[in-house]
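Visitor: Next one to model:
(one chain, ligands or ions: 2)
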Amino acid sequence: MKLLHICLILALLQQHSKAKRLLEMDVAGRASIEGRIVGGQAAEIGYAKYQVSLQPVLGYHNCGGAILNEQWIITAGHCVVTFPPEFIVVVTGTNRYAEPGGVYYAEEVHVHCMYDKPYMHNDIALVKVSKNITFDELTQPIALPVGPVREGAEIVLTGWGSEVPNGNANENLQKISFGFVKLDECLAIFNQTSSMGVGHICTFSKEGEGSCHGDSGGPLVSNGYLVGVVNWGRPCAKGFPDVQANVYYYLDWVRNVISGNAKCTT
Ligand SMILES: *[C@@H]1O[C@H](CO)[C@@H](O)[C@H](O)[C@H]1NC(C)=O
Ligand SMILES: *[C@@H]1O[C@H](CO)[C@@H](O)[C@H](O)[C@H]1NC(C)=O
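Guide: Ligands and ions are numbered 1, 2, ... in the order given. As a prediction, this is how the structure comes out:
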């Protein structure tokens with residue numbers, strides 16, 4: 001019985017890692033996925049109170065996410081699309097994903113209706129937890145953005161992602177600052193790939209710094225607002241911008257899901 005359970009989990013993890021997206025883009029502009037911070041530093045305790053770790057089984061970090069309110073977590077679509085809700089455990093209130101401040105279970109999972117349509121677009125999801133998240137000195141929500149990211153903005157990513165492609169998760173939460181790269185510039189860098197559009201924002205600092213496997217779904221925060229959710233990149237820190245879901249662009253969708261008005265009309 002227990003063995004069967006473990007096998008199922010391993011199968012799910014394996015299936016998921018195939019879908020994982022801190023994407024490696026090949027020359028044709030197709031992107032493969034994964035996610036983790038390279039070149040960052042350890043975050044102070046309580047630095048990112050909105051940060052969560054999404055775990056298929058308690059103790060196994062898979063993706064990042066952020067707390068929007070007592071009931072809702074935001075993350076990337078590719079972090080949750082292959083998992084049934086019972087394999088989405090939300091760990092809150094900690095810098096060490098294996099030492100939870102709080103543990104919550106998914107009650108509803110809403111992946112964007114147009115997830116991956118076209119390829120690599122609309123990679124955003126909301127998870128409703130089954131009991132209200134208790135806020136405390138290490139656990140707080142992050143505000144949704146009130147406007148688009150401006151040029152020159154400092155954007156901070158936090159995550160437990162690995163430091164080398166497909167490496168193990170970092171035990172301690174890392175943080176890293178990026179600048180904002182305008183979409184037209186980012187498109188030029190990626191040779192006008194069809195995997196990028198208005199629903200994305202790009203961030204960059206320099207070669208040797210960037211997101212990597214395990215950062216996927218994690219929060220990019222600027223000036224106290226959640227501006228991005230890690231989507232894809234060319235792992236890891238190879239000198240290309242990282243590409244994130246543009247939370248401002250998806251505000252209506254987020255509000256509709258949270259208020260119970262979201263309908264997929266496909
Ligand atoms: C849970 O939080 C929501 C607001 O996010 C609130 O309306 C609701 O009353 C809370 N439920 C409980 C049981 O505290
Ligand atoms: C864009 O094309 C140039 C020239 O073929 C290549 O050197 C560069 O690596 C490409 N950029 C990306 C992100 O693949």
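Visitor: Show me what the longest strand seen in the chain packs onto, helices and strands only.
Guide: For the chain, the longest strand by residue count, based on DSSP state E, is strand 102-111. Under the contact definition 3 or more C-beta pairs under 8 Å, 6 or more residues apart in numbering; DSSP states H and E, strand 102-111 sits against helix 77-80, strand 89-92, strand 125-129. The C-beta positions use only the backbone N, C-alpha and C, and glycine is treated the same way.
Visitor: Now do the helices in the stretch 151-266 of the chain.
Guide: For the stretch 151-266 of the chain, applying DSSP state H, counting those that start in this stretch gives helices covering 183-189, 251-258.
Visitor: what's the neighbour count on Lys131?
Guide: 11 (other C-beta atoms under 10 Å).
Visitor: Excluding chain neighbours, give the residue nearest to it in space.
Guide: Counting by C-beta to C-beta, 6 or more residues apart in numbering, the nearest residue to Lys131 once its immediate chain neighbours are dropped is Tyr104, at 6.6 Å.
Visitor: list the contacts for the nearest residue to Gly93 once chain neighbours are set aside?
Guide: Distances taken as C-beta to C-beta, 6+ apart place Gly101 nearest to Gly93, at 2.3 Å, with adjacent residues excluded. Contact analysis of Gly101 by C-beta atoms under 8 Å, 6 or more residues apart in numbering lists Val91, Thr92, Gly93, Thr94, Asp136, Leu138, Thr139.
Visitor: Roughly how far does the residue lying closest to Val38 once chain neighbours are set aside sit from ligand 1?
Guide: Of all residues not flanking Val38 in the chain, Ala237 sits nearest, at 3.8 Å (C-beta to C-beta, 6+ apart). Distance of Ala237 to ligand 1, given as C-beta to the nearest ligand atom, to the nearest Å: 37 Å.
Visitor: Equivalent analysis for His121, please.
Guide: With distances taken as C-beta to the nearest ligand atom, His121 is found 29 Å from ligand 1.
Visitor: Now do the same contact list for that residue.
Guide: Per C-beta under 8 Å, 6+ apart, neighbours of His121: Met114, Ser195, Gly197, Gly199, His200.
Visitor: Please work out how many residues are found near the first one.
Guide: Pointing back at Met114 there. 16.
Visitor: what are the ranges of the strands in the stretch 151-266 of the chain?
Guide: Using DSSP state E, counting those that start in this stretch, the strands of the stretch 151-266 of the chain run over residues 155-159, 174-181, 200-204, 219-222, 225-232, 242-246.
Visitor: Dump those strands into a markdown table; add distance to Cys264 as well.
Guide: Shown next, in a markdown table, are these (distance: least, C-beta to C-beta, whole Å):
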| stretch | distance to Cys264 |
| --- | --- |
| strand 155-159 | 29 |
| strand 174-181 | 31 |
| strand 200-204 | 21 |
| strand 219-222 | 25 |
| strand 225-232 | 19 |
| strand 242-246 | 17 |
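Visitor: Give me every residue in the stretch 51-200 of the chain lying close to ligand 2.
Guide: With the criterion set to C-beta under 6 Å from any ligand atom, the stretch 51-200 of the chain comes near ligand 2 through Ile189, Phe190, Asn191.
Visitor: Recalculate using a threshold of 5 Å.
Guide: By C-beta under 5 Å from any ligand atom, the part of the stretch 51-200 of the chain that sits against ligand 2 consists of Phe190, Asn191.
Visitor: Next, work out how far apart the residue nearest to the spatial centre of the chain and Ile258 are.
Guide: Among the residues of the chain, Gly217 comes closest to the average C-alpha position under C-alpha atoms, centre = their mean, at 0.9 Å. Distance of Gly217 to Ile258, computed by C-beta to C-beta, to the nearest Å: 17 Å.
Visitor: Please apply the same query to Ile142.
Guide: Distance of Ile142 to Ile258, given as C-beta to C-beta: 14 Å.
Visitor: picking up where we left off before, please render the helices of the stretch 151-266 of the chain as a markdown table that adds mean pLDDT to the earlier fields.
Guide: Compiled in a markdown table, the helices of the stretch 151-266 of the chain are given as follows (pLDDT from 0 to 100):
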| stretch | mean pLDDT |
| --- | --- |
| helix 183-189 | 95 |
| helix 251-258 | 96 |
